[in-house]
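Trainee: Below are the sequence and a predicted model for it; my questions follow.
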Amino acid sequence: MPPHFLRHCALALLSLLIGVAEVAAQGYPERVIRIVNPFPPGGSVDVMARILAQKLSDNLGQQVIVDNRAGAGGNTGAESVARSEPDGYTLLFTAPGPLVINQTLYTKGLPFDPAKDFTAIALFAVAPIVLMVHPGVPAQNVQELIQVARKEPGRISFASAGNGSTNHLSGEMLKSMAKINIVHVPYRGAGPAMNDLIGGHVQMFFDLLPASLPQINAGKVRPLGNAGAKRPTALPNLPTIAEQGLPGFDASSWVGLVAPAKTPAPVVAKLSDEVAKVLKATEVIARIHELGSEPGHAFGRDFGAFMQAETGKWAEVIRTSGAKAD
């Protein structure tokens, strides 16, 4: 059979498959869409997931539900989505862990490959992280904190929600960039960590702004700097850590939506467009700000590039600090 004939057949088949995918996208969705949240109900990820699910249900004309599948730092739910049918009806809505941190943090490896097993849809929201100290710490800004730490190495201890959490890795980033000796104290969640900071049992804590804002406003803790690249809406007068002598310091948490790899491109594009529409809604922007976060700004390939950069950044922090989880 002539090679050119085979080529024509292959091109015809490819065109047919593209056409089928486009037709499928035009009719999508035709049934319930399930968004898997790999963390427990009631947390910040869950709240954001339900905001998105409700708006997508309204806009798409099909029910979008949130399915909580917690365990193993988010890996359990993420694996279930990675192994699901790539048809656009099972999606993953998650914080950074399963997508950009855990592959380096878990020394025994993961049962899925975040870079190969998922297709990026949208960054939904960014939750700023704030560096705060107990009021008894004699520091009013980041540079003063660094000086205190240098004068008395090992005196300052910093809390976290557990090994490999974003507040743990933020502390390790500060430790590395400022070249100071501070001691990590892991807790089982951010709640107990905040309680011990307020009680003076630890001196320092990087925490998500949505959770820590009430304690900051009540004067129970003293904020020293925003950990992200820019000042968030909720604390516009608090300088970033980068502004305070550590250029390049950038730590924040976020939530994003991904689909299993090989989900048809037209379906992914439609989902990305729909999330972008949700994030333009005045009431959604107001709700995200009310939760102390910022609306997402990356979609499709841009979100994929964002996750790739985040993976490299946190991998370096993990390797430098020696942090691990199994």
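Mentor: Done, it's in. Since this is a predicted model, take the numbers as computed values, not measurements.

Trainee: Can you show me the helices along the stretch 151-300 of the chain?
Mentor: Using DSSP state H, counting those that start in this stretch, the helices of the stretch 151-300 of the chain run over residues 166-178, 190-198, 209-217, 265-278, 282-290.

Trainee: Nearest to Q62 among these would be which one?
Mentor: Proximity to Q62 (CB to CB) singles out helix 265-278 among the helices of the stretch 151-300 of the chain, at 11.1 Å. From N, CA and C alone the C-beta is placed, and that goes for glycine too.

Trainee: and the helices of the stretch 151-300 of the chain, which one's lowest on average pLDDT?
Mentor: Of all those, mean pLDDT reaches its minimum on helix 209-217 (a mean of 88).

Trainee: now, of the helices of the stretch 151-300 of the chain, which is deepest in the fold?
Mentor: Per residue and on average, the most neighbours among those fall to helix 166-178, with a mean of 23 (mean count of other CB atoms under 10 Å).

Trainee: which secondary structure elements does that one contact?
Mentor: Packing partners of helix 166-178 (3 or more CB pairs under 8 Å, 6 or more residues apart in numbering; DSSP states H and E): strand 118-133, strand 157-160, strand 183-186, strand 204-208, helix 301-321.

Trainee: nearest to V267, of those?
Mentor: Closest to V267 of those, according to CB to CB: strand 118-133, at 9.4 Å.

Trainee: which ones are touching P138?
Mentor: P138 is in contact with E144, V148, counting by CB atoms under 8 Å, 6 or more residues apart in numbering.

Trainee: Give me the pLDDT for the nearest residue in space to K313 that is not next to it in sequence.
Mentor: Once flanking residues are discounted, K313 sits nearest to D250: 7.7 Å by CB to CB, 6 or more residues apart in numbering. Note for D250: predicted pLDDT of 94.

Trainee: oh, and call the first residue 19 from now on, that's how I've got it
Mentor: From this message on, residue numbering opens at 19, which makes the last subject D268.

Trainee: got the CA positions of stretch 98-106 in CSV?
Mentor: Provided in CSV are the C-alpha atoms of stretch 98-106 (Å, rounded to 0.1, in the frame of the first residue of the first chain):
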residue,chain,number,x,y,z
SER,A,98,-8.6,8.5,42.5
VAL,A,99,-8.9,11.4,39.9
ALA,A,100,-5.7,10.4,38.1
ARG,A,101,-7.1,6.9,37.6
SER,A,102,-10.6,8.0,36.6
GLU,A,103,-12.1,8.2,33.1
PRO,A,104,-10.7,11.3,31.3
ASP,A,105,-14.1,12.5,30.2
GLY,A,106,-14.5,15.8,32.1
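
Trainee: Point out the most buried one among the helices and strands packed on helix 184-196.
Mentor: Stretch with highest mean neighbour count among these: strand 222-226 (a mean of 28; mean count of other CB under 10 Å).

Trainee: For it, which strands pair with it and how are they oriented?
Mentor: In the sheet, strand 222-226 lines up against strand 136-151 (antiparallel), strand 175-178 (parallel) (DSSP bridges).
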